[in-house]
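Visitor: return a 3D structure for these sequence lines:
(one chain, ligands or ions: 1)
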Amino acid sequence: MASELASGAVTSIGRVPDHTRLPDESVGGSVPILNRFKIVSLLREGEQLTSGCSDTETKIKIATALSDFGIEYIELTSPAASEQSRKDCEAICKLGLQSKILTRVRSSMEEAKLACDTGVAGVEVVVSTSTEEFSNGKDMADIKKTALEVIAYIKSRGVEAIFSTEEGFRDLVDLRDLYRTVDQAGVTRVRVADTLGCATPRQVHDLVSTLRGSVSCEIETHFHNDNMCAIANAHAALEAGATHIDTSVLGIGQRNGITALGAFLARMIVEDRDYVTSTYKLPQLQALEELVAEHAQISVPFNNPVTGFSAFSHKAGIHSKAVLKSPSTYEIIDPADFGVTRNVHFASRLTGWNAIKGRAEQLGLAMTDDQIKELTQKIKTMADTRQLSVDDADSIIRSYHLELQA
Ligand SMILES: [Zn+2]
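Guide: Predicted structure coming up:
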């Protein structure tokens with residue numbers, strides 16, 4: 001797919017955009033593309049976290065890791081933000097990474113030129129369509145005229161043009177006409193953003209479906225996670241025909257962030273394991289998250305999908321027994337796909353004899369089922385009086401086994 005993208009012969013969803021198509025004509029039916037999506041990872045959004053990483057060396061390290069992981073697009077902070085941001089953009093473009101590098105600008109010729117000069121593969125043009133701005137006299141005709149000039153310029157530089165509005169869910173403005181116009185002007189993609197984090201999966205599905213019926217280009221979506229809907233919203237967007245999902249590592253970003261890369265992949269591997277495992281180097285996820293966590297000075301949450309320390313921990317006896325026999329009983333994701341291991345917690349009062357049996361086997365100690373059951377009772381009794389560590393439980397298992405030999 002990367003070479004297809006590089007050649008420009010087909011779009012990233014394997015279809016030549018048809019800009020001659022009539023509006024509202026359906027695009028390739030409404031088949032959800034749950035197995036063909038592309039990920040845009042936002043270093044820019046990460047930088048917007050209060051403790052976000054921003055020095056050049058760190059950005060290069062993270063961009064390289066994202067590219068190695070298989071991320072299709074990396075979006076950087078606008079070169080118009082500061083001189084250092086411009087230099088960083090240029091430096092990352094020069095690395096020749098597998099990922100395509102994007103940046104974003106306001107709808108201004110000056111900023112678009114600055115962005116194209118850095119060597120990026122794509123420039124996202126963001127316009128504000130807030131009702132406030134309309135009341136300030138900047139009406140849709142002006143917005144459209146400037147956007148079209150800027151898009152034409154970006155295309156003339158051989159760079160992908162992406163068109164975005166700042167907030168697609170709150171404003172009561174019908175954006176369809178604007179998106180149709182830029183689609184006909186030949187943008188690679190349009191992007192809708194839930195910048196406020198207010199959208200629900202149903203609203204997302206409605207809006208993206210409408211958009212899917214109105215434009216023939218790719219559709220990128222961006223969801224903030226203020227009430228933990230970002231993953232569900234990304235999934236709903238794909239079901240409705242979106243092609244690209246914005247993510248950041250660990251979901252870091254403005255306020256409490258956006259769709260988290262790892263959590264999104266945890267969702268999508270359930271949809272299509274073959275696509276996800278063949279497209280992304282999943283065993284590198286944990287190292288990627290640790291790299292970003294370290295530089296952003298945050299820690300990976302205990303319940304983080306896939307890599308959180310309790311993501312594949314089983315404690316209650318009945319769960320442990322089932323998981324030891326057949327992992328899929330209590331696991332929708334195979335930890336081995338991500339190179340992480342299952343942890344059956346056996347050193348507690350909730351343990352079961354199957355968990356103890358499994359542990360005894362790991363320790364190379366053979367015992368009958370009756371002996372294991374008696375040993376399990378001992379561990380439960382002990383765990384009722386005080387908290388046991390793994391070492392404590394192991395030494396109870398070992399001394400019980402030793403007594404049997406005596
Ligand atoms: Zn955002």
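
Visitor: now do the buried residues in the helix or strand containing residue 399.
Guide: Assessed by DSSP states H and E, residue 399 sits inside helix 390-405. Buried residues in helix 390-405, counted by 16 or more other C-beta atoms under 10 Å: 393, 394, 396, 397, 400, 401. To be clear about C-beta, it is placed using only N, CA and C from the backbone, and glycine gets the same treatment.

Visitor: and the two most separated of the residues you listed?
Guide: 393 and 401 (12.7 Å; C-beta to C-beta).

Visitor: for the stretch 51-200 of the chain, which segments are assigned as helices?
Guide: 56-69, 83-94, 109-117, 131-135, 140-156, 176-184 (DSSP state H, counting those that start in this stretch).

Visitor: out of those, nearest to residue 39?
Guide: Proximity to residue 39, assessed across the helices of the stretch 51-200 of the chain by C-beta to C-beta, is greatest for helix 56-69 (9.1 Å).

Visitor: can you show me the CA trace of the closest one as CSV?
Guide: Extracted in CSV, the C-alpha atoms of helix 56-69 (Å, rounded to 0.1, in the frame of the first residue of the first chain):
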residue,chain,number,x,y,z
THR,A,56,13.6,18.5,17.8
GLU,A,57,15.4,15.4,18.9
THR,A,58,12.4,14.0,20.6
LYS,A,59,10.1,14.7,17.6
ILE,A,60,12.5,12.9,15.3
LYS,A,61,12.7,9.9,17.6
ILE,A,62,8.9,9.6,17.9
ALA,A,63,8.3,10.2,14.2
THR,A,64,10.8,7.5,13.3
ALA,A,65,9.2,5.1,15.7
LEU,A,66,5.7,5.8,14.3
SER,A,67,7.0,5.3,10.8
ASP,A,68,8.6,2.0,11.7
PHE,A,69,5.4,0.9,13.4
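
Visitor: from the contact counts, what lies against it?
Guide: Judged by 3 or more C-beta pairs under 8 Å, 6 or more residues apart in numbering; DSSP states H and E, the packing partners of helix 56-69 are helix 43-47, strand 73-76, helix 83-94, helix 285-296.

Visitor: with mean pLDDT as extra columns, can I get those in JSON lines?
Guide: Converted to JSON lines, those look like this (pLDDT from 0 to 100):
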{"stretch": "helix 43-47", "mean pLDDT": "81"}
{"stretch": "strand 73-76", "mean pLDDT": "96"}
{"stretch": "helix 83-94", "mean pLDDT": "96"}
{"stretch": "helix 285-296", "mean pLDDT": "94"}
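
Visitor: indicate which one of these is closest to residue 185.
Guide: Among those, strand 73-76 sits nearest to residue 185 (C-beta to C-beta), with 20.8 Å.

Visitor: list the strands paired with that closest one, with their directions.
Guide: strand 38-42 (parallel), strand 100-106 (parallel) (DSSP bridges).

Visitor: just how off-centre is the first one within its chain?
Guide: In other words, strand 38-42. 7 Å (C-alpha atoms, centre = their mean, to the nearest Å).
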